[in-house]
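J.: Predicted model follows, preceded by the sequence.
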Amino acid sequence: MINRITKAVIPAAGLGTRFLPATKAMPKEMLPVVDKPAIQYVVEEAVTAGLHDVLMITGRNKNSLENHFDRLPELEALLEAKGDAGRLAKVNASTDLADMHYVRQGDPRGLGHAILRAKMHVGDEPFAVLLGDDIIDPRDPLLGRMLDEQVKRGATIVALLEVDPSQISLYGAAAVEMTDDPDVVRITGLVEKPAVEDAPSNLAIIGRYVLRPEVFGILENTAPGKGNEIQLTDALQTMAVTPEETGGVYGVIFRGRRYDTGDRLDYIKAIVQIAVDRADLGPDLRPWLREFAAGLEDGPVETSPLD
């Protein structure tokens, strides 16, 4: 009987420099996506998949992450006194989501190093890793499928997405072999942010992983790679070519809705995409968007005084 995975690790120690000055004093993970911080969507996804033990890898100036998932008795009492049950429920939702734990990364030495900081908490069992830049639409579950595949195959599982070949240099790229399932492939090799001409495929690794604990020993012996950082992709490459010792690596190809909050333009698109599908916002937002779009003209963009 293989035990079901219960632990999720969420690296959240990055500085968010692409969103400066907004992230000068606020973690990028706390930037709102409509009316919830981006990080809450990620924790909710983990919990929906059955992972109630969540370890967040944080850094300096990240105290608001802990505060968000903690109680705020003064606010709760105020809302209760006003009879505002709806907002009180929203405030309590983040508090009651999961059993939250936190550890500092310390030196910012890459994603692989951040995951290595989870070793003491995770122990000798498989675990999930969720990156905060990717929000997966709950109508298109991904993590649950990955957990099922891990139990079935006893391997490390990564999420893959077909991207335009011209964009593959923005991601880790996978060389793959087909299996008997069209949505699951065996990974034979991985390359971190390859040149377009060197990419083994247009299957990009996105921010969901289910890792076997052997990854910790490999990360401890992984030399810094691109950007002089310890790259998770390099450790996964080692696991992919040593299936006898590590169980190998498989990929689940995701074909659903994914919202990228990793840069400014994609962040804005994510907010619009999520808002138009909400019952409380969509009916008013959709006609406004159509009217706004109809008035747009092609041509040079005027510099705004708000820049």
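T.: Structure received. Residues are numbered from 1 along each chain as shown.
J.: what are the ranges of the strands in the stretch 151-300 of the chain?
T.: 156-162, 172-178, 184-192, 203-211, 249-253, 258-260 (DSSP state E, counting those that start in this stretch).
J.: same for the fourth one, what does it pack against?
T.: Contact partners of strand 203-211 among helices and strands, from 3 or more CB pairs under 8 Å, 6 or more residues apart in numbering; DSSP states H and E: strand 127-130, strand 134-136, helix 143-153, strand 156-162, strand 172-178, helix 232-240, strand 249-253. The C-beta positions use only the backbone N, C-alpha and C, and glycine is treated the same way.
J.: Can you tell me which of these is nearest to A81?
T.: Comparing the helices and strands packed on strand 203-211 against A81 with CB to CB, the closest turns out to be strand 134-136 (33.9 Å).
J.: Direction included, what does that closest one pair up with?
T.: According to DSSP bridges, strand 134-136 forms sheet pairs with strand 258-260 (antiparallel).
J.: Which residues does the strand it pairs with contact?
T.: Under the contact criterion CB atoms under 8 Å, 6 or more residues apart in numbering, strand 258-260 has outside partners 33, 133-137, 161, 206, 266-267, 269-270, 273-274.
J.: mind redoing it with 10 Å?
T.: Identification of contacts with strand 258-260 by CB atoms under 10 Å, 6 or more residues apart in numbering yields 33, 38, 41, 133-137, 140, 142, 159, 161, 206-208, 266-267, 269-274.
J.: pLDDT score for the residue lying closest to V185 once chain neighbours are set aside?
T.: Nearest residue to V185, sequence neighbours excluded (CB to CB, 6 or more residues apart in numbering): V176, at 3.9 Å. If you check V176, the pLDDT there is 95.
J.: any low-confidence regions in the protein?
T.: 1-3, 299, 301 (pLDDT under 70).
J.: what's the burial count for P305?
T.: For P305, the count of nearby residues is 5 (other CB atoms under 10 Å).
J.: In contact with it, which residues?
T.: Counting by CB under 10 Å, 6+ apart, P305 has no contacts.
J.: Kindly report the same for G16.
T.: G16 touches A22, T23, K24, M26, P27, K28, E29, M30, L31, N61, G132, G262, counting by CB under 10 Å, 6+ apart.
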